[in-house]
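Q: Fold the following for me, if possible:
(one chain, ligands or ions: 1)
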Amino acid sequence: MFDEKDKTIVFIGSDHAGYEAKAALKPFIESLGFAVTDLGAFDANPIDYPDVAREVSEKVIEHAAENAKGILICGTGIGMSMAANRLKGVRAVLATDENLAYMSRQHNDANVLTMGARTTNVDVMKKITEKFLTTPFENAERHVRRVEKMDEIANASTNEGASC
Ligand code: RB5
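A: Presented below is the predicted three-dimensional model:
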């Protein structure tokens, strides 16, 4: 029986658009038995999603040995996923249904889940979140190899000369 929650720390964050959904999700995640650390937003005043994505992602990396996970909510989940995936070691998935959350854990060892409060209702978010937090990485050689190749891309990328 899979029982990863004993060793999983969950860091959660949102911008203003995801603030209410985060407030609803936090006690739900705790009710599943996980320890949740809320890194804001702490009110509905406008804030920049990259700031929160960075803070949550840095915690996930810092606590990688403890199997930490991150959950980030903005209006669409798009900005949070883009920002989180800039950090080496972060594998963020923007999930809009349970199957995406499931596959991202099984095949991609995703460690950050992003969702959109303006695109996904809270009841669906709860289902996605539970699937994400309770699905193990399959750990097959082919999946490990492919995940490691993502890190190789990050290590090789210098962006020298890029105009972006
Ligand atoms: C904020 O209005 C919105 O742009 C943000 O929450 C997010 O959806 C960005 O990806």
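Q: Pull up the per-residue confidence for residue 63.
A: pLDDT, residue 63: 97.
Q: list the contacts for the closest residue to it other than its chain neighbours?
A: Nearest non-adjacent residue to residue 63, counting by C-beta to C-beta, 6 or more residues apart in numbering: residue 9, 5.5 Å away. For glycine as for every other residue, the C-beta is placed from the backbone atoms N, C-alpha and C. Contact analysis of residue 9 by C-beta atoms under 8 Å, 6 or more residues apart in numbering lists 34, 35, 37, 63, 66, 67, 68, 69.
Q: how far away is residue 49 from residue 121?
A: Residue 49 is 20 Å from residue 121, where distance means C-beta to C-beta, to the nearest Å.
Q: typo on my end, residue 109
A: 27 Å.
Q: so what's the residue nearest in space to the middle of the chain bridging to?
A: Geometric centre of the chain, nearest residue: residue 112, 1.9 Å, by C-alpha atoms, centre = their mean. Beta-bridge partners recorded for residue 112 (DSSP bridges): residue 70, residue 92.
Q: about what we covered before: so what sits opposite the residue nearest to residue 63 in the bridge?
A: Beta-bridge partners recorded for residue 9 (DSSP bridges): residue 35.
Q: Next one: it from the ligand, what distance?
A: 25 Å (C-beta to the nearest ligand atom, to the nearest Å).
Q: cool, and residue 34?
A: 24 Å.
Q: Equivalent analysis for residue 148, please.
A: Taking C-beta to the nearest ligand atom, one finds residue 148 at 29 Å from the ligand.
Q: Which strands or helices does the helix ranked longest in the chain pack on?
A: Counting by DSSP state H, the longest helix found in the chain is helix 141-156. Contact analysis of helix 141-156 by 3 or more C-beta pairs under 8 Å, 6 or more residues apart in numbering; DSSP states H and E lists no helix or strand as a packing neighbour.
Q: Provide the contact partners of that helix at residue level.
A: 88, 89, 91, 106, 107, 108, 109, 137.
Q: Up against the ligand, what does this structure have?
A: Contact residues, the chain versus the ligand (C-beta under 6 Å from any ligand atom): 15, 17, 49, 74, 75, 76, 78, 79.
Q: so can I have TSV of the residues you listed showing distance to residue 100 and pLDDT?
A: Formatted as TSV, those follow (distance: C-beta to C-beta, whole Å; pLDDT from 0 to 100):
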residue	distance to residue 100	pLDDT
15	21	98
17	20	98
49	20	98
74	17	98
75	18	98
76	14	98
78	14	98
79	18	98
